[in-house]
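Asks: pasting the sequence and the predicted model now:
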Amino acid sequence: MHPEMTILESNGIGDFDDRNALEPRTKQRRIQGACDFCKRRKIRCDSGEMPGNRCTHCIRSGMDCTHADIFKTLTSSKSYVTALESRVEKMERLLTKLLPGIDFTDHLENETEVEPLLVPQIETLPRNDTENLPYTLPKLQLNPEKHRFWGKSSGVQLVQTALNFQSHWTGVPPLTQPMLPKKRPEFWEPKPWVLPPAGEDSPQYTFPEPDLLATLVDLYFKEINPMAPVLHRPTFCANVAEKLHIRDHRFAATLLMVCSLGSRYYDDPRVLLEGHAGCHSAGWKWYSQVHVLPKHLVYKPDLYELQTIALSVIYLRGLLPTAVSWTQIGLGLRRAQDVGAHRRRTQPCPTAENEHWKRVFWVLLCQEWVIGTYVGRPLAMRDQDFDQDLPIECDDEYWEGLQNFKQPKDKPSELSYFIRHAKLLEIQAAVATTIYSPRKPRDFSGQAVTPSDAQNIMAFDSALNSWLSQVPAHLRWDPERKNKQHFHQSALLYTQFYSVQILLHRPFIPAPLEASRPGSEQTTN
């Protein structure tokens, strides 16, 4: 029995309910919400369940059970609805003005909520620290190759999780003993014929003369690296000075790529092929020595391999059909994923090693976004496939020492261009996959998720305008700018910006004599 009813019966008031229960009642309007007395005391009100809509507390206290606040709220709600209707009418007029000829009726009737089209920026993505397992936990090693990346869905991570649970319950640290002490080499070790023969993986390279080598390296860092910062100049030049290219064929391949790119900016017959006087052969004598795509993929990639692939793509873009460099980028991104270069590392402070990996990964990814869109082919990596941070906006000379990755506030960073370029290409990639995708994404119910063309245009236009407003002052377009490097970077940025705008609106350009189509108004503007 309800405690309140017990009190009523003990006071003799319960007979009132019994008598009224036997009498025929007329249907009464049920009042929703608490009465004024219960609302002020913040207690439960049962007026909607009691005869005469008089609650138990008011009966016990001998008070009138009033609901003045409810009717006051209803009156204010009516004015609120009127204001909302007026606001909706204004929004409809604004949409009609911005997008004439578009009918949103069907879309509004079928969807109750419009999901945002663009994913958040990489810096704002939520973190799941368990996804950092490849860097924080002892690794399962299935072969002598260490530090290969195993994602959360892999069987290796499942076994690692089981071992962690076992360690938690037994108190024995994980992996204090070999994981598979009785594993059979027949099934676990690479076959001898899979590995390269002795000496095959150490090719003999021919380098430019010392004076020419120094000039080509300097030209590369002046002309190429500010646009695509694959390399860290102090580290690279220190390795060249120590003649690391004589001892390490992997670094030697990277150096030859640098020489081939620097050759394009040097008017010297020594950079040309013999018998070919044209400037188009500049650097080919060094580029052609390198096998960019590794023959033996059994070995894990290293930083030099990815740097070589990224530089090779830049060189080939000005020489051969785009499809050749497009293939190299695909392999480069796969090799980057093999060592987890696409994943963010949780570190208390930045390190030079991590910044090297971030730079080469982002250069490869940006090249994929540019060339993949240019040739109209699916992109090798979607935005949900990686969470690697952008490189730190800090010049090479401030990586170490007292600065420790802190750019002086009064000096614009050379990486400002690349950071803005990468963010712009991120929008371009989203446009390519949304507007030009042959098949719309589907959810598990089998229903196609298809935002309207008008929604896509407005979302991407908003993203582009937001990007444009964040371009730093030294990169804003100024035909009178004195700084040559900033002038070139600004020209490239704005050229790419208008290219993305054209890419967005191109499918909606109406044909002659064709009726108004979604997006035609923005396209004309």
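Replies: Sure, I can see it. Numbers count the residues shown, from 1 in each chain.

Asks: what's the helix or strand for His505?
Replies: Counting by DSSP states H and E, the element that carries His505 is helix 484-505.

Asks: kindly export that helix (C-alpha atoms) in CSV.
Replies: In CSV, the C-alpha atoms belonging to helix 484-505 read as follows (Å, rounded to 0.1, in the frame of the first residue of the first chain):
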residue,chain,number,x,y,z
LYS,A,484,59.9,35.3,-53.2
GLN,A,485,59.2,32.1,-51.2
HIS,A,486,56.1,33.5,-49.6
PHE,A,487,54.9,34.8,-53.0
HIS,A,488,55.2,31.3,-54.6
GLN,A,489,53.6,29.6,-51.6
SER,A,490,50.7,32.0,-51.7
ALA,A,491,50.2,31.6,-55.4
LEU,A,492,50.1,27.8,-55.0
LEU,A,493,47.7,28.0,-52.1
TYR,A,494,45.2,30.2,-53.8
THR,A,495,45.5,28.2,-57.1
GLN,A,496,44.7,25.1,-55.1
PHE,A,497,41.8,26.8,-53.4
TYR,A,498,40.1,27.8,-56.6
SER,A,499,40.8,24.4,-58.0
VAL,A,500,38.9,22.8,-55.1
GLN,A,501,36.0,25.3,-55.7
ILE,A,502,35.9,24.2,-59.4
LEU,A,503,36.0,20.6,-58.4
LEU,A,504,33.1,21.1,-56.0
HIS,A,505,30.8,23.0,-58.4
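
Asks: which helices and strands does it pack with?
Replies: If you count contacts as 3 or more CB pairs under 8 Å, 6 or more residues apart in numbering; DSSP states H and E, helix 484-505 packs onto helix 416-435, helix 453-469. In this view, the C-beta of every residue, glycine as well, is placed from N, C-alpha and C.

Asks: what is the mean pLDDT for the first one?
Replies: Okay, so that is helix 416-435. For helix 416-435, the mean per-residue pLDDT is 95.

Asks: do the same with the last one
Replies: Confidence for helix 453-469, expressed as mean pLDDT, is 90.

Asks: now that helix: buried residues?
Replies: Under the neighbour-count criterion of 16 or more other CB atoms under 10 Å, helix 453-469 has 453-461, 463-464, 467 buried.

Asks: other SSEs contacting it?
Replies: Using 3+ CB pairs under 8 Å, 6+ apart: helix 453-469 touches helix 416-435, helix 484-505.

Asks: rebuild those helices as TSV, extending it with distance to Asp36 and mean neighbour count.
Replies: Formatted as TSV, the helices and strands packed on helix 453-469 follow (distance: least, CB to CB, whole Å; neighbours: other CB atoms under 10 Å):
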stretch	distance to Asp36	mean neighbour count
helix 416-435	54	21
helix 484-505	58	17
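
Asks: what's Tyr287 in contact with, if anything?
Replies: By CB atoms under 8 Å, 6 or more residues apart in numbering, the contact list for Tyr287 reads 256-257, 260, 312, 315.

Asks: what number of residues lie near Ile314?
Replies: Ile314: 18 surrounding residues under other CB atoms under 10 Å.

Asks: please look at Trp362 and Pro391 and confirm they touch.
Replies: Yes: Trp362 is in contact with Pro391 according to CB atoms under 8 Å; the separation is 6.2 Å.

Asks: who touches both of the two?
Replies: Contacts common to Trp362 and Pro391, judged by CB under 8 Å, 6+ apart, are Phe418.

Asks: neighbour-wise, which of these two wins?
Replies: Using other CB under 10 Å, the more surrounded residue of Trp362 and Pro391 is Trp362, with 26 against 23.

Asks: got a list of what the more buried one touches?
Replies: By CB under 8 Å, 6+ apart, the residues touching Trp362 are 388, 390-391, 418, 422.

Asks: what's the helix or strand for it?
Replies: Using DSSP H and E, Trp362 falls in helix 352-375.

Asks: report the angle between the axes of that helix and helix 416-435?
Replies: Inter-element angle recorded for helix 352-375 and helix 416-435: 40 degrees (by axes from the mean of the first three to the mean of the last three CA atoms, to 10 degrees).

Asks: buried set for helix 352-375?
Replies: Residues 354-373 are the ones in helix 352-375 that count as buried (16+ other CB under 10 Å).

Asks: quick one, which of the helices and strands packed on helix 453-469 gets closest to Gly48.
Replies: Smallest distance to Gly48 across the helices and strands packed on helix 453-469 (CB to CB): 50.5 Å, for helix 416-435.

Asks: what packs against the helix or strand where Leu316 lies?
Replies: Assigning secondary structure by DSSP H and E places Leu316 in helix 303-317. If you count contacts as 3+ CB pairs under 8 Å, 6+ apart, helix 303-317 packs onto helix 249-262, helix 322-338, helix 352-375.

Asks: for these, give me JSON lines that also has distance to Gln289.
Replies: Formatted as JSON lines, those follow (distance: least, CB to CB, whole Å):
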{"stretch": "helix 249-262", "distance to Gln289": "6"}
{"stretch": "helix 322-338", "distance to Gln289": "16"}
{"stretch": "helix 352-375", "distance to Gln289": "21"}
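
Asks: Arg344: what's its closest spatial neighbour, skipping adjacent residues?
Replies: Excluding the flanking residues, the one nearest Arg344 by CB to CB, 6 or more residues apart in numbering is Asp387, at 4.7 Å.

Asks: please confirm that that neighbour is located within a helix.
Replies: No: applying DSSP: H, G, I helix; E, B strand; the rest coil, one finds Asp387 to be coil, outside a helix.

Asks: distance check, Val290 against Cys259.
Replies: Applying CB to CB, to the nearest Å, the value for Val290 to Cys259 is 10 Å.

Asks: likewise for Trp369?
Replies: 27 Å.

Asks: give the rounded mean pLDDT of the helix or strand hosting Ser86.
Replies: Following DSSP H and E, one finds Ser86 within helix 68-98. In this model, helix 68-98 has a mean pLDDT of 69.

Asks: same check on stretch 314-334?
Replies: Per-residue pLDDT over stretch 314-334 has a mean of 87.

Asks: now swap in stretch 482-497 and tell me
Replies: The pLDDT scores in stretch 482-497 average 96.

Asks: what are the contacting residues of it?
Replies: With contacts defined as CB under 8 Å, 6+ apart, stretch 482-497 is touched by 226-227, 412, 414, 417, 420-421, 424-425, 428, 464, 467-468, 471, 474-478, 481.

Asks: how close does Asp395 sit to Glu414?
Replies: 5 Å.

Asks: neighbour-wise, which of Val290 and Cys259 wins?
Replies: For Val290 and Cys259, the more surrounded residue by other CB under 10 Å is Cys259, and the numbers stand at 24 against 20.

Asks: correct me, but the more buried one touches Pro208?
Replies: Yes: here Cys259 reaches Pro208: they are 5.7 Å apart, a contact under CB under 8 Å.

Asks: shared neighbours, these two?
Replies: 216, 286.

Asks: of all the helices and strands packed on helix 484-505, which one is nearest Ile59?
Replies: That would be helix 453-469 among the helices and strands packed on helix 484-505, by CB to CB, at 56.5 Å.
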